[in-house]
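1. Just the structure for this:
(2 chains)
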Amino acid sequence: MNIALQTHPLAPSEYYSETKCTWCDGCGNYGIWTAVKYALAELNLHPWQVCLCYDVGCNGNGSDKIGGYRFHGLHGRVIPFAAGAKLANMNIPVIAFGGDGGTFSEGVGHLVHGLRSNYPITFVLHNNANYGLTTGQASSLTWQDQPMNTSPNGIPEQTLASMDFIFSLKPTFVARGFSGDIKLMTRILKAAIQHRGFAFVDMLQACPSYNHFATHEYLLDRYFDANAGGHDPSNLEQAKALATQVQDRIACGILYQREDIPDFYNRLLPRQGLQTTCVKEVRRYDVSEYWKDLV
Amino acid sequence: MPRISLKMVGASGQGINSIGAMIAKGLKRSGYCVFGYREYPSLIKGGHASYQLDISNQRFRSTETKVNVLVALNHHGLELNMEELKQGGIVVHVTPGWQFPEHDRKLIAERNLRIIYFPVDDILNRLGARAILSNVLLTGFVWSMLGEDIDALKSLVGETFAKKKALLELNMRCLDEGYCFVDPEQGKISVALPPPDKGFAADLLITGSQAMGLGAIHAGVRLYAGYPMTPSSPLLSFIAGLENKTHMVVKQAEDEITAAQLVSGAMFMGTRALTATSGVGFDLMSETLSLNAMIENPTVFVLAQRPGPATGLPTWTAQGGLLQAANCSAGEFTRCVISVSNSQDAFDLMPVAFNLAERYQISVIVLTDKQIAEALYTQQPYDLEKAEIDRGRLVADPEKLKALKSSDRFSPHAEGGVSLRWLPGSDAATYCAQADEHNSMGAVDESGVNTKVQMEKRLRKFHGLKAELPAPHLSIGGRSAKTADWMDSGDEIELLAIGWGSTGDVFQDIMCSDELRGRKIAYLHYTYLWPLRTEELRRVAMRSKRIVLVEQNYQGQLGMLIRMECGLDIWDKILKYDGRPFFYDELLSSVLERCADTAENRENPRDVEFADSSS
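-> Numbering: from 1, shown residues only, chains lettered A, B, ... in the order given. Next comes the predicted model:
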């Protein structure tokens, strides 16, 4: 991504929106929303320079509460939309947001191929371990046996081991944040936005209305900044262990990163050496060269 | 118009397509118009497939059910295709010691057929050539039957093997052997072609898919995403095959939903992007169609039709997707449905589709079908100066961008419902492309007042679009006619046929047949199917003794839309829903039956009936 040099750092207030927040008291979205504004401002990105894409859910209800060119789409589909937007204009940082419901159920195929393709976008998972906006149904990340709306006896399915799953897809950037630590989230988001491939950011967040198991206090007691403790994000085995072993303590921070793998766009031979974007290339083309073989 | 037809049959993978393609190109360069039609089952090896070439020295675009020459690469062709031969037809086969059953022997005698056994294995053995070269031997033999010059064919084959010298020599020997072969029983046999018209020599031989691909590139499409599904796959392959020259972004997506979303994201960012699919693949894309309607994101989808329901007949043709295109997806919104008809407008309509999408900030669905996608057309080189790139109300000027307000993006007061659009990355006020009902800047607004004005904004586009779309094309006696001119001076029309898509060319050809030339037969061809213009139809219908609908679906879907829009109930229908396109001779006899009928009932023509309708 290209980030313009600027002498005066940009204020997060540039991202103010007139739309009132409607999230529940104590919702983790307030923290994530704030950290996103800080991260963009600290990267000196003006709202007109970024594209923010939101999936459906409580995260998506943030689409009109922030500045920037934004998109709020259909359930589970945000990754391919964001990828298409980015491939069309590589000069614009594209950040996609989605909940654990849309990402690990309806849109899980898109997540798989987003990682596999290593699209040059940031994906922020609003992980509150349930479907909040549809009033507290179980997601794939809800704990097994936990009673939820539509599953009063607890869900019979196993909980999806999300980090095992993510690491099985050979990611190039994995981070975890906690909605109660804005400074940590801001650091993670800045690194994610600057990452050259698909940056997967798992934001653990409270859902005070429907998640009565992994509450704000639960997360607060267990989370820690692994990088502050000396974790090296280039260490794959350690990263995997930190990411997946969350019974006692929950490691946050930049867990894994490698930059030696080209992103999807940079692997496209036809685009090698081109300075222009697909957006700039829209014009009428002479195609007579392509029909010579057909005469 | 003189017509000769030549049909190669065999198992998929045996190489009938390479014989067909080589003969087609050779004949085109010699000055003939050829039209190639493929039938094949949905499998890679085996099955029974065919490649038919219809040939003339005049421009035409249709296939006959009866052929002059049948080339059977295995004995199945001798079992299945004998009925298709015309009087005096020729059968070339490669099955040693084949004994025709009694009914075929009778047929051979009645139709005076000539049967040629071509000893392909003997020749291959003698040359030490592998079985794959049997195609080349047969190509050489067919070429000699057509009385064409061997050097022309050799130079054509030479182009293909220019870089493989060893292969080239063996190919040339096979061509010579095939060309020199004379059946000891039948002697030298030739198929008389009409005198050539050198005008065709510089034409292209192109499939509808290739034409559409070239049209898309011409229209400025810079990103293509697709998921393989016949008959849309050839477009994906063609675009991908050119990617190193066009420098386009090409993505084979993980499913149709992804392809539709990638393309929508790319269009939102501001490039031109395209996807194509078929039947149930389009079902998967339909939620994205609804999304784009709400966020007013211009998009173009190609829907390549094949028979359904479900996976239906994957490699066969249909026009069953019209109502799907016009009605699928949640909510009420403005969309545009257009259909290509042949290799000419498969090219021409791509810039048109993108211009309409951007001018109205809507989705445009471009229908094609397997017949158009895979038929081989003799096509005049395209006019590359005609198309314009019209990006509608897109704001790009820096000064104008500075003056924008967020609320300009979805302003409900915008003229014709089309508000200003500007792209992410523009130094301007920002907005949200919001899939929830929203206000003028894209913030969620569920109030009744806002919902009403935004709904009206989006649907107001329909009226502007409908008024702008070109009228259906009228031709009378095979010649283009303007509805107004006809109304002023014309006589009553004997028969008015109404159709769309690949039906059009076949109808055009039968109007020029010896049987119908000069008759007052009219054909109204719809390219722009939704919104549907019916003024011209109503006027012509009032002057027509008889009206018939011609479609390749069961319900007469265009007829249903016509009745819905103007109340005209077309009771007489020529419908086909067996996976095959209309054939020239078949459609001609259906039309002739109706003409005879009309003549008999001259005293008492059936009135044109309009049901009660407010429009």
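2. Would you mind confirming that residue B:396 makes contact with residue B:425?
-> No - if you go by Cβ atoms under 8 Å, residue B:396 and residue B:425 don't touch, sitting 10.8 Å apart. In this view, the C-beta of every residue, glycine as well, is placed from N, C-alpha and C.
3. ranges for the helices of the stretch 1-150 of chain B?
-> Assigned by DSSP state H, counting those that start in this stretch, the stretch 1-150 of chain B shows helices spanning B:16-30, B:75-80, B:102-110, B:120-127, B:134-145, B:150-160.
4. Can you mark which positions in the fourth one are buried?
-> If you call a residue buried by 16 or more other Cβ atoms under 10 Å in any protein chain shown, then helix B:120-127 has these buried ones: B:120, B:123, B:124.
5. elements contacting it?
-> Helices and strands touching helix B:120-127, by 3 or more Cβ pairs under 8 Å, 6 or more residues apart in numbering or on different chains; DSSP states H and E, are helix B:134-145, helix B:165-180.
6. Chain A is nearest to which of the ones you listed?
-> helix B:165-180 (17.7 Å; Cβ to the nearest Cβ).
7. can you pull the buried residues of that closest one?
-> Buried, per 16+ other Cβ under 10 Å, within helix B:165-180: B:168, B:170, B:171, B:172, B:173, B:174, B:175, B:177, B:178, B:179.
8. Quick check: phi and psi on the closest residue to residue A:111 other than its chain neighbours?
-> Nearest non-adjacent residue to residue A:111, counting by Cβ to Cβ, 6 or more residues apart in numbering or on different chains: residue A:103, 5.6 Å away. Main-chain dihedrals, residue A:103, degrees, to the nearest 10: phi -80, psi -40.
9. Relative to residue A:157, how far out is the most centrally placed residue in chain B?
-> Centre of chain B computed as the mean C-alpha position; nearest residue by Cα atoms, centre = their mean is residue B:372, 2.3 Å away. Noted for residue B:372: a distance of 47 Å to residue A:157, by Cβ to Cβ, to the nearest Å.
10. Give the residue spans of the chain that score low on pLDDT.
-> Going with chain A. A:1-7 (pLDDT under 70).
11. switch to chain B, that's the one I care about
-> B:484-490, B:599-609, B:611-615.
12. thinking again about what came up before, these two touch, right, the residue nearest to the centre of chain B and residue B:501?
-> Yes - using Cβ under 8 Å, residue B:372 makes contact with residue B:501 at a distance of 7.1 Å.
13. Overlap in contacts, the two.
-> B:340, B:341 (Cβ atoms under 8 Å, 6 or more residues apart in numbering or on different chains).
14. need the residues of the stretch 151-295 of chain A near chain B, please.
-> A:265, A:268-271, A:274, A:277-279, A:281-291, A:294-295 (Cβ under 8 Å from any Cβ of the partner chain).
15. now do 7 Å
-> Counting by Cβ under 7 Å from any Cβ of the partner chain, the residues of the stretch 151-295 of chain A close to chain B are A:268-271, A:274, A:278-279, A:281-288, A:290-291, A:294-295.
16. List buried residues within these.
-> A:268, A:270-271, A:278-279, A:281-282, A:284-285, A:287, A:290-291, A:294.
17. In JSON lines: those, plus secondary structure and distance to residue B:458.
-> Listed next are these as JSON lines, based on DSSP: H, G, I helix; E, B strand; the rest coil; distance: Cβ to Cβ, whole Å:
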{"residue": "A:268", "secondary structure": "coil", "distance to residue B:458": "35"}
{"residue": "A:270", "secondary structure": "helix", "distance to residue B:458": "36"}
{"residue": "A:271", "secondary structure": "helix", "distance to residue B:458": "35"}
{"residue": "A:278", "secondary structure": "coil", "distance to residue B:458": "27"}
{"residue": "A:279", "secondary structure": "coil", "distance to residue B:458": "25"}
{"residue": "A:281", "secondary structure": "coil", "distance to residue B:458": "29"}
{"residue": "A:282", "secondary structure": "coil", "distance to residue B:458": "24"}
{"residue": "A:284", "secondary structure": "coil", "distance to residue B:458": "29"}
{"residue": "A:285", "secondary structure": "coil", "distance to residue B:458": "32"}
{"residue": "A:287", "secondary structure": "coil", "distance to residue B:458": "34"}
{"residue": "A:290", "secondary structure": "helix", "distance to residue B:458": "37"}
{"residue": "A:291", "secondary structure": "helix", "distance to residue B:458": "39"}
{"residue": "A:294", "secondary structure": "helix", "distance to residue B:458": "41"}
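18. neighbours around the residue in chain B positioned nearest to chain A, how many?
-> Residue nearest to chain A within chain B: residue B:265 (2.8 Å; Cβ to the nearest Cβ). Residues near residue B:265, counting by other Cβ atoms under 10 Å in any protein chain shown, number 33.
19. do the same with the one 3 residues further on
-> Around residue B:268 there are 28 other residues, counting by other Cβ under 10 Å.
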